[in-house]
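[1] mind looking at a prediction? Sequence and model below.
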Amino acid sequence: EPEVTQTPSHQVTQMGQEVILRCVPISNHLYFYWYRQILGQKVEFLVSFYNNEISEKSEIFDDQFSVERPDGSNFTLKIRSTKLEDSAMYFCASTKGGGSRNEQFFGPGTRLTVL
Amino acid sequence: ILNVEQSPQSLHVQEGDSTNFTCSFPSSNFYALHWYRWETAKSPEALFVMTLNGDEKKKGRISATLNTKEGYSYLYIKGSQPEDSATYLCAFLDSNYQLIWGAGTKLIIKP
């Protein structure tokens, strides 16, 4: 059964460094999402992506964040200059069509630790 | 600020018993309500996406109802099994097409 994959599973970085979190959505899916969950808090929406551009983004998704689909299979989240408060689990999700009215398929997450 | 509330926060249920829990969400500008099941160390898994008032959906022993006018959804599990132990998350799709998540109900099934 196809699934969403994410790499790495755990990333440790120093404050101020850039990180790129990678996701491979399910191959025939068209909508892609990033979410994060800070330890002990709710899951938070970051951004949705469709047709090679951002369709929605939350207030969290400021200029430090960017997303890209560089090669038709990978979907990446870049954090330019990480802060301590960026430490969280980051989940990628994808859906086939209909945007957020359809069920989303989640990857296993990347745990980002900023020191 | 839109808020999605789930109750209870955690629940211990004896194996074989049935149970239910609640998701409350804003009753205006409703687009969709998602339910996900999230086992520890795994990805959240979609259970239902509900869009119409009065919707009832079922997947095996798990079912859900939706009341958009009063802003709540119930998730029911019939005859709980140990494999049902997980955190059950609901998420409300707002008018900006962003999913606003509840904090989840952690369900523990006691054998």
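    Alright, I've got the coordinates. On a predicted model such as this, the values are computed, not experimentally measured, just so you know. Numbers count the residues shown, from 1 in each chain, chains lettered A, B, ... in the order given.

[2] return the distance of the closest residue to chain B within chain A relative to A:E18.
    Scanning chain A for proximity to chain B using C-beta to the nearest C-beta identifies A:E103 as nearest, at 3.4 Å. Yep, even glycine has a C-beta here, placed from its N, CA and C like the rest. Distance, A:E103 to A:E18, by C-beta to C-beta, to the nearest Å: 33 Å.

[3] which of these two has more residues huddled nearby?
    Shown here are A:E103 and A:E18; by other C-beta atoms under 10 Å in any protein chain shown, A:E103 has more neighbours (19 against 11).

[4] who's in contact with the more buried one?
    Residues in contact with A:E103, defined by C-beta atoms under 8 Å, 6 or more residues apart in numbering or on different chains, are A:T95, B:H34, B:A46, B:F48, B:V49.

[5] tell me the SS of it?
    Reduced to three states with DSSP: H, G, I helix; E, B strand; the rest coil, the structure at A:E103 is coil.

[6] following the helix or strand of chain B with the lowest mean pLDDT, which helix or strand shows up next?
    Least confident helix or strand of chain B, by mean pLDDT, DSSP states H and E, is strand B:99-101 with a mean of 91. Once strand B:99-101 ends, the next helix or strand along the chain (criterion: DSSP states H and E) is strand B:105-110.

[7] now do whichever strand or helix holds B:L33 and strand B:105-110, the angle between them.
    According to DSSP H and E, B:L33 maps onto strand B:32-38. For strand B:32-38 against strand B:105-110, the angle by axes from the mean of the first three to the mean of the last three C-alpha atoms, to 10 degrees is 40 degrees.
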